[in-house]
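> sequence and predicted model, in that order:
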Amino acid sequence: MLRSAARSHVGAVRKNNQDSGYAGPNFLLIADGMGGHAGGDVASAITVARLSDLDADDHEHDASEALRTAILDANERITNSVAEKPELAGMGTTVTALLRAGSKLALAHIGDSRGYLLRDGELDLATHDHTFVQMLVDEGRITAEEAEQHPQRSVVMRVLGDVGAAPELDMSIREARIGDRWMLCSDGLTGFADIDEIKHTLATVDDPGACCDRLVEMALDGGGADNITVVIGDVVAADDSAETTSGESVGSVRDNPQFALLGQKDTPTELIDTGQFDTIGEDNTDTRPLDVVDRPDNGAPAAAIGASGTAAGPGGATAAGDLGSAARGRGTRTATVAETQEIARHDEDIARHDEDWDDDERPRRRPLLGIIVTIAVLAALVLAGVVGYTFIRGQYYVAADAGNVAVYRGIAQKLGPIELSELDETTEVRVDDLSAYSQRRIEQTIPASSRADADRLVGNLRDEAEQNAAKKMSAGAADTSTDPAPPPKNTGEPNPDSTDQQGQGVPERSSDTGG
């Protein structure tokens with residue numbers, strides 16, 4: 001089983017929390033929402049509310065398929081919500097989930113949230129970022145260090161949600177070894193806390209809840225410019241407590257339980273209160289002020305979570321709701337629907353008016369709505385094109401042109417038949433004059449952050465070529481210097497002291513050391 005805890009914090013800058021997380025005895029989950037002030041928190045809440053039902057000890061053989069199916073169902077709920085509420089268009093969320101099945105763990109991942117495994121003192125990244133800069137790193141265009149400072153490091157290539165494509169999930173099966181510690185987190189942690197300090201904290205703070213609190217504090221100390229969510233699960237021997245331990249939910253899914261009802265086919269979505277969409281981002285703080293509650297079992301939710309409040313960690317980190325509990329989950333959903341249905345029953349005039357509106361006005365409004373959505377999509381595509389073109393025009397790299405070192409503007413990639421770069425300048429520096437190492441770098445292309453940076457790289461290569469040329473000239477001068485022995489007489493016999501034999505080795509050694 002997993003001894004787990006979760007924390008989520010709105011951060012030091014953001015107005016609302018678009019992260020959602022879950023930690024239970026059999027299931028860990030992080031979802032980092034995106035889509036503007038009225039979307040990311042909805043997408044992550046829908047996803048975690050749907051997937052938290054997986055927290056059960058009955059996935060012995062079908063854990064991976066059960067996890068995949070639940071994620072695809074959550075994706076359908078998000079797209080259904082957009083169809084019913086166009087103001088949510090474009091919303092999406094990352095997903096990183098870990099489901100226990102006996103002695104195995106099913107891992108699912110999409111987006112740029114991360115999963116880490118601490119085993120025997122070593123911290124390993126178990127997921128792969130689906131981002132633009134990670135793609136550049138994978139292709140050798142930039143280094144991992146350069147990716148951390150890249151202006152487009154927040155561009156995510158694959159997510160769950162209203163993105164016009166079926167989600168491409170990374171699925172794998174991992175060993176559940178007792179003593180392992182798993183951490184799932186949003187980029188609000190890894191973007192503002194040093195990875196070595198994260199490793200040290202995971203290795204030294206034994207209690208999962210206290211460890212989550214410390215990691216959130218570290219991200220806040222580092223600037224906290226994004227929402228911060230941390231989920232930790234320790235693999236321990238199963239005991240009877242697994243049957244009674246409830247899961248913990250944090251972030252938007254706990255703060256906005258009504259979002260869990262969106263996108264379900266059997267739920268009247270128009271009755272769900274979404275009026276706050278108009279104000280999210282202006283004056284919604286999302287993380288409610290909470291009292292600290294003692295947690296005697298080191299990571300289980302406080303027993304008294306309910307109408308009066310919920311547990312919280314230091315710095316305002318929300319400790320954990322109980323959405324994973326089947327009893328509370330159903331109770332919350334039923335109460336919300338019952339309340340809205342009661343309002344509808346007590347206002348028959350409004351109901352009759354709605355029926356008339358369905359029969360008469362709706363057909364006329366839908367075409368207008370379609371036009372508005374189409375215009376918005378086209379505008380978004382144009383904006384994305386402008387942003388992409390501007391970004392590409394601001395990139396440079398150094399490569400070869402007809403045997404000479406050259407500077408190119410753009411990125412060394414193709415979009416179908418279209419080259420995304422153009423030759424900007426061909427220098428006089430010959431590639432053959434460079435060392436084998438530099439020649440390989442030129443062949444692979446050397447990225448530059450600006451034209452000035454490209455000029456700096458060319459200058460370094462020019463200096464290297466000049467030094468190599470000087471070494472070759474020095475070696476040649478040594479070959480033509482005056483020999484200490486007189487020239488041999490023409491006796492017709494080979495002279496073992498011939499300077500030709502001595503000189504042959506000099507250029508080769510010079511070439512070896514210079515290359």
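All right, it came through fine. Numbering: from 1, shown residues only.

> rest of the way, CA atoms for contacts and neighbours
Noted.

> can you list the domains in this structure?
2-337, 347-393, 396-480+505-514 (automatic domain parsing).

> pLDDT weak spots in the stretch 401-515 of the chain?
476-515 (pLDDT under 70).

> what ranges does it have for its strands?
404-415, 418-430, 446-448 (DSSP state E, counting those that start in this stretch).

> out of the domains of the chain, deepest packed?
domain 2-337 (a mean of 20; mean count of other CA atoms under 10 Å).

> for that one, the distance to its chain's centre please.
12 Å (CA atoms, centre = their mean, to the nearest Å).

> so for Gly90, what's the pLDDT?
pLDDT recorded at Gly90 is 89.

> any idea how far it is from Gly35?
Gly90 sits 6 Å away from Gly35 when distances are taken as CA to CA, to the nearest Å.

> can you find the helix or strand of the protein with the lowest average pLDDT?
helix 326-345 (a mean of 34; mean pLDDT, DSSP states H and E).

> name the nearest residue to the most centrally placed residue in the chain, ignoring sequence neighbours.
Nearest residue to the geometric centre of the chain (CA atoms, centre = their mean): Asp112, 1.1 Å. Excluding its sequence neighbours, the residue lying closest to Asp112 (CA to CA, 6 or more residues apart in numbering) is Asp129, at 4.6 Å.

> by contact count, what packs against the longest helix seen in the chain?
Longest helix in the chain by number of residues (criterion: DSSP state H): helix 362-393. Where contact means 3 or more CA pairs under 8 Å, 6 or more residues apart in numbering; DSSP states H and E, helix 362-393 is packed against strand 404-415.

> any idea how far Val155 is from Leu383?
For Val155, the distance to Leu383 - CA to CA - is 14 Å.

> how near is Leu457 to Gln413?
From Leu457 over to Gln413 (counting by CA to CA), the distance is 20 Å.

> and if you look at Tyr389?
From Tyr389 to Gln413 the distance is 13 Å (CA to CA).

> and for Pro208?
Taken as CA to CA, the span from Pro208 to Gln413 is 44 Å.

> next one, pLDDT for the residue nearest to Asp112 please.
96.

> that one and Arg114 touch, don't they?
Yes. With contacts counted by CA atoms under 8 Å, Asp129 reaches Arg114, the gap being 7.4 Å.

> spatially nearest residue to Asn256, not counting backbone neighbours?
In space, Asn256 is closest to Ala45, 7.5 Å off (CA to CA, 6+ apart).

> pLDDT score assigned to the one you found?
Confidence for Ala45, expressed as pLDDT, is 97.

> got phi/psi on it?
phi -70, psi -40 (degrees, to the nearest 10).

> then the one 4 residues further on?
Geometry field for Ala49 lists phi and psi as phi -60, psi -40, criterion degrees, to the nearest 10.

> make sure Arg462 is actually in contact with Thr427.
No. Contact between Arg462 and Thr427 fails when scored by CA under 8 Å: they sit 9.2 Å apart.

> now do the same end-to-end measure for stretch 45-62.
25 Å.

> no, scratch that, I was asking about stretch 99-107
End residues of stretch 99-107 are separated by 7 Å (CA to CA).

> and it, average pLDDT?
Stretch 99-107 comes out at a mean pLDDT of 94.

> please name the strands paired to the host helix or strand of Trp182 in the sheet, noting orientation.
Using DSSP states H and E, Trp182 falls within strand 181-185. Strand 181-185 has the following sheet partners, assigned by DSSP bridges: strand 114-119 (antiparallel), strand 228-235 (antiparallel).

> tell me which helix or strand comes right after that strand.
Assignment by DSSP H and E places the next element after strand 181-185 at helix 187-190.

> what sits up against that next one?
For helix 187-190, contacts defined as CA atoms under 8 Å, 6 or more residues apart in numbering pick out 112-114, 215-216, 218-219, 224-230.

> can you do 6 Å?
With CA atoms under 6 Å, 6 or more residues apart in numbering as the test, helix 187-190 has contacts from Ser113, Ala219, Asp226, Asn227, Ile228.
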